[in-house]
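**Q** need coordinates for the below:
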Amino acid sequence: MRENKLRTIWADGGAAVNGWLAIPNAFSAETMAHQGWDSLTIDLQHGVVDYQAAVDMLIAISTTDTVPVVRIPWLDPGILMKVLDAGAYGVICPMINSATDAEKLVASTHYPPRGTRSFGPIRAFLYAGQDYPLHANDTIVTFAMIETRQGLDNLEEILRVDGIEAIYIGPSDLSLALGCNPTFDAVEPPVAEAIDYILAKCKERGIVAGIHNGSPEYALKRIAQGFRFVTIASDARLMAAGAQQVLGVMRPGPQQD
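**A** Sure thing, here's the model as predicted:
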């Protein structure tokens, strides 16, 4: 079975650098994959990507060694199983608020006897190899997103669920949940304290902690803190930033005499 390089990076004590895909296009996904990201996450929760576009994007990513990850729209066994059947090597599930949610997430992403995932890895066979059914349970990475006050309150119970190997923090939603302005990087003190708490609890249990960032500078700070999976911007934001940089040169403001 094809290696999941996220697991290899973490086993070696490293941090994975993850890109984010919001543009529903195979060519843009392929272009991003060829830039050297450790992993790329296709976002089905927010934005304009649908399932068929996601399948095309997964095919495009597989032209490289970049690990394909999908953030699903919600805790729904159906879409979880479909993105795994399509070849996702990691899934990020939003709004995990309780141990019960975490148990449902683990069950839906693992074949029996560990879980309840239905069998039908139609494209995963092509991506991962014919021995996929034997190794999928130990290869796929399941991220639970902690981004609500309820999830924060129940964090220790969530982390005790067998099969939860990684946590992903959404700073914007966590900020809103704590009565603060939504942002990725310069979060307000209550959010900073919550992020530190989540990271500390993950470290205690040997669970990978991941977080969304708006800039590479902040992502480097998060790695220094101990985060082992950092997302930076998105394809759409990077395209806009690149265009703004070019136009800033081509159309400078009024010159002073």
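**Q** in the stretch 51-200 of the chain, what residue spans correspond to strands?
**A** Using DSSP state E, counting those that start in this stretch, the strands found in the stretch 51-200 of the chain span residues 67-71, 90-93, 141-146, 166-169.
**Q** quick one: which of those strands is nearest residue 127?
**A** strand 67-71 (7.9 Å; Cβ to Cβ). (Each C-beta comes from the backbone N, C-alpha and C, glycine too.)
**Q** so what strands line up beside that closest one?
**A** The strands beside strand 67-71 in its sheet (DSSP bridges) come out as strand 39-43 (parallel), strand 90-93 (parallel).
**Q** in JSON lines: those, plus distance to residue 233.
**A** Converted to JSON lines, the strands paired with strand 67-71 look like this (distance: least, Cβ to Cβ, whole Å):
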{"stretch": "strand 39-43", "distance to residue 233": "12"}
{"stretch": "strand 90-93", "distance to residue 233": "16"}
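**Q** circling back: wait, which of the strands of the stretch 51-200 of the chain is closest to residue 35?
**A** strand 67-71 (13.8 Å).
**Q** that closest one: which residues count as buried?
**A** For strand 67-71, the buried set under the neighbour-count rule, 16 or more other Cβ atoms under 10 Å, comprises 67-71.
**Q** now do residue 96 against residue 164, distance only.
**A** 8 Å (Cβ to Cβ, to the nearest Å).
**Q** name the residues contacting each of those two.
**A** Counting by Cβ atoms under 8 Å, 6 or more residues apart in numbering, the shared contacts of residue 96 and residue 164 are 102, 105, 144, 158.
**Q** excluding chain neighbours, what is closest to residue 181?
**A** residue 175 (6.2 Å; Cβ to Cβ, 6 or more residues apart in numbering).
**Q** that neighbour contacts residue 193, doesn't it?
**A** No - taking contacts as Cβ atoms under 8 Å, residue 175 lies outside contact range of residue 193: 11.9 Å.
**Q** neighbour count: these two, which is higher?
**A** A count of neighbours by other Cβ atoms under 10 Å puts residue 175 above the other of residue 175 and residue 193, at 22 against 12.
**Q** hmm, back to that, tabulate the buried residues of strand 67-71 (CSV), appending pLDDT and distance to residue 42.
**A** Shown next, in CSV, are these (pLDDT from 0 to 100; distance: Cβ to Cβ, whole Å):
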residue, pLDDT, distance to residue 42
67, 98, 12
68, 98, 7
69, 98, 7
70, 98, 5
71, 98, 7
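**Q** going by distance to residue 128, which of the residues you listed wins?
**A** Of all the buried residues of strand 67-71, residue 68 has the smallest distance to residue 128: 10.5 Å, by Cβ to Cβ.
**Q** you'd agree the closest one is up against residue 56?
**A** No - here residue 68 does not reach residue 56: they are 11.9 Å apart, not a contact under Cβ under 8 Å.
**Q** who's in contact with the nearest residue to residue 41 once chain neighbours are set aside?
**A** Spatial nearest neighbour of residue 41, excluding adjacent residues (Cβ to Cβ, 6+ apart): residue 69 at 4.2 Å. For residue 69, the contact set (Cβ under 8 Å, 6+ apart) comprises 18, 39-42, 88-92, 141, 143.
**Q** of the residues you listed, just say which sits nearest to residue 131.
**A** Nearest to residue 131 among these, counting by Cβ to Cβ, is residue 89 at 14.7 Å.
**Q** isn't the closest one up against residue 70?
**A** No - look at residue 89 against residue 70 with Cβ under 8 Å: they stay out of range, at 9.2 Å.
**Q** now stretch 209-219, how far from the chain's geometric center?
**A** 12 Å (Cα atoms, centre = their mean, to the nearest Å).
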